[in-house]
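J.: below is the structure, and that's it, no one-letter string:
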């Protein structure tokens, strides 16, 4: 089955700097890669996703890149703000099985 | 439109007790899921229901049972609770199929087993 590795487990950045979180997956058939954000004490919520026919997707200050050959994808947050502090989860699926989540990255944005 | 709701919000059990966690969604979604979240372990799938009338095991099903009562409701039962089941439990739903669709999560149930 699919296995998703996520790094780093914790990340601290200064406000205004960029943050990058990386994930690798094992199943070459995987074709959908969402990212979820979970604020402290809240539920996870989808922030961006990418499908295998696309190499990069942007939504304001966040972007996701996908390298299918290397089987890794990354979340990029630019101009970080205190409200970006949260736990971020990547996930992957081939479409025939449920999402498999990474273990999460706790991002702290220091003002 | 309440989205995904879960009851209870908090629960404390003694080892060996049983309980049922309730989940309901009002978005007419076909697929529903139960996850547990432990520190440093991410979201691990316990059971899922791809459509009304079907249920399947996820990554960590031992010690749990589920019932897809109807399209709206998906319950998780602990028959004999163990301290290892202390966790935060999230229910989620998606519009259809297992993948390629956003999952909407409920607010979670924080369960402590003593």
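T.: Ah, there it is. Bear in mind that the values here come from a model prediction, so they are computed numbers and not experimental data. Numbers count the residues shown, from 1 in each chain, chains lettered A, B, ... in the order given.
J.: tell me if stretch A:81-98 is near chain B.
T.: Yes: Stretch A:81-98 is in contact with chain B by CB under 8 Å from any CB of the partner chain, via A:89, A:93-98. Every C-beta, even on glycine, is put in place using the N, C-alpha and C of the backbone.
J.: point out where chain A drops to low pLDDT.
T.: For chain A, no stretch is flagged by pLDDT under 70.
J.: what residues does it put near chain B?
T.: Of all the residues in chain A, those in contact range of chain B (CB under 8 Å from any CB) are A:6, A:9, A:32, A:34, A:42-46, A:49, A:51, A:89, A:93-104.
J.: redo that, cut-off 6 Å
T.: Of all the residues in chain A, those in contact range of chain B (CB under 6 Å from any CB of the partner chain) are A:32, A:43-44, A:46, A:93, A:95, A:98, A:101-104.
J.: for the chain, which segments count as strands?
T.: You didn't say which chain, so I picked chain A. Read by DSSP state E, chain A holds these strands, from start to end of the chain: A:4-7, A:10-14, A:19-25, A:32-38, A:45-51, A:56-59, A:62-67, A:72-77, A:86-92, A:100-101, A:105-110.
J.: you looked at the wrong chain, it should be chain B
T.: Secondary structure of chain B by DSSP E: the strands cover B:4-7, B:10-13, B:19-25, B:31-38, B:42-49, B:56-57, B:64-68, B:74-78, B:87-94, B:104-105, B:109-113.
J.: how close does the spatially most central residue of chain B get to residue B:55?
T.: For chain B, the residue sitting closest to the mean C-alpha position, by CA atoms, centre = their mean, is residue B:34 at 2.7 Å. In this view, residue B:34 and residue B:55 are 10 Å apart by CB to CB, to the nearest Å.
J.: list residues touching both of the two?
T.: With contacts taken as CB atoms under 6 Å, 6 or more residues apart in numbering or on different chains, the residues that reach both residue B:34 and residue B:55 are residue B:47.
J.: coming back round to it: how about CSV for the strands of chain A, with mean neighbour count and distance to residue B:51 added?
T.: What follows is the strands of chain A, written out as CSV (neighbours: other CB atoms under 10 Å in any protein chain shown; distance: least, CB to CB, whole Å):
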stretch, mean neighbour count, distance to residue B:51
strand A:4-7, 18, 25
strand A:10-14, 13, 38
strand A:19-25, 20, 26
strand A:32-38, 22, 19
strand A:45-51, 16, 21
strand A:56-59, 12, 29
strand A:62-67, 18, 29
strand A:72-77, 21, 29
strand A:86-92, 25, 21
strand A:100-101, 24, 20
strand A:105-110, 17, 33
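J.: which of these sits closest to residue B:59?
T.: When the strands of chain A are compared by CB to CB, strand A:100-101 sits nearest residue B:59, at 7.9 Å.
J.: how far does the closest one sit from the chain's center?
T.: In this view, strand A:100-101 has its centroid 11 Å away from the chain centroid, taken as CA atoms, centre = their mean, to the nearest Å.
J.: tell me the strands beside it, with direction?
T.: The strands beside strand A:100-101 in its sheet (DSSP bridges) come out as strand A:86-92 (antiparallel).
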